[in-house]
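Q: Turn this into a model:
(one chain, ligands or ions: 1)
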Amino acid sequence: MPRTLKVITDARACTICAKHLPNKPRPLLQGSKQSRILLIGQAPGQKAHDTGIPWDDASGQRLREWLQLTDQQFYDPALVALIPMGFCYPGTGKSGDLPPRPECAPEWHPRLLKAMPNIKLTILLGRYALDRYLPEGAGPYKTITAAVQDYKTLLKHHLIALPHPSPRNNIWLKKNPWFEKQTLSVLNRQLKSALR
Ligand code: SF4
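A: Numbering: from 1, shown residues only. Alright, predicted model coming up:
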């Protein structure tokens, strides 16, 4: 197990936006100096907050299938960094979970990314990650679908956008069969090369 980075320890003790959160802060993130793949999602849900394990649900299972990673590989910070746009569960609104807290990424991401110099591929999941990390020369994308489709441009910047793996997104997957037929094989090739 790699040594825990100081910035990870610091982030895990963060309480910056505690007054806006429904629970006591419980920042969920992983990463190490050796991490090779960076996954930037939205924010943990209530279940992850309760268990303290990110992506420990049906979405996470599908995500690992897409990435062709075992649970052990996925939760190994020497391989994968899990750095969402908000580290704590933000609460629920009228139409599902609230957005990631806006204080979080600007406060923590720059220090974290600097401490992980071996990232070979960054996976962007969701609009907030895409908006923050869209490189010059890519997009702008009106929809996540457009970003997922434009993997050739994003890969030039060592990025790839994925749709949300939630079972609630099954309709999207049915409407866009090219994703599982073509994009995933490109992603898997990139991942293999990033992990080599
Ligand atoms: S969401 Fe981010 S900024 Fe807010 S308390 Fe948690 S770690 Fe800190």
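
Q: use CA for all of it now, contacts and neighbours both
A: Noted.

Q: which bits of this structure sit near the ligand?
A: Contact residues, the chain versus the ligand (CA under 6 Å from any ligand atom): 11, 14-18, 25, 27, 86-88, 101, 103-104.

Q: can you rerun that using 5 Å?
A: 14-17, 27, 86-88, 104 (CA under 5 Å from any ligand atom).

Q: Among the residues you listed, name the buried ones.
A: 14, 27, 86-88, 104 (16 or more other CA atoms under 10 Å).

Q: just to revisit the earlier point, I'd like the residues of the chain next to the ligand as JSON lines, with pLDDT appended.
A: Below are the residues of the chain next to the ligand laid out as JSON lines (pLDDT from 0 to 100):
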{"residue": "14", "pLDDT": "98"}
{"residue": "15", "pLDDT": "98"}
{"residue": "16", "pLDDT": "98"}
{"residue": "17", "pLDDT": "98"}
{"residue": "27", "pLDDT": "98"}
{"residue": "86", "pLDDT": "98"}
{"residue": "87", "pLDDT": "98"}
{"residue": "88", "pLDDT": "98"}
{"residue": "104", "pLDDT": "98"}
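
Q: what residues does the helix or strand bottoming out on mean pLDDT in the chain touch?
A: One helix or strand of the chain scores below all others by mean pLDDT, DSSP states H and E: strand 96-97, with a mean of 87. Applying CA atoms under 8 Å, 6 or more residues apart in numbering, the external contacts of strand 96-97 come out as 45, 90-91.

Q: what's the following helix or strand after it?
A: Heading C-terminal from strand 96-97, the first helix or strand you meet, by DSSP states H and E, is helix 104-114.

Q: residues in contact with residue 64?
A: By CA under 8 Å, 6+ apart, the contact list for residue 64 reads 70-71, 74.

Q: With residue 118 instead?
A: Residue 118 neighbours (CA under 8 Å, 6+ apart): 33-36.

Q: can you tell me the helix or strand for residue 49?
A: Residue-wise, residue 49 maps onto helix 46-51 under DSSP H and E.

Q: Return the set of buried residues in the following helix or strand past that helix.
A: Proceeding N to C from helix 46-51, the next assigned helix or strand is helix 58-67, under DSSP H and E. Buried residues in helix 58-67, counted by 16+ other CA under 10 Å: 59-64, 66-67.

Q: Over to stretch 179-192?
A: 179, 183-184, 187, 190-191.
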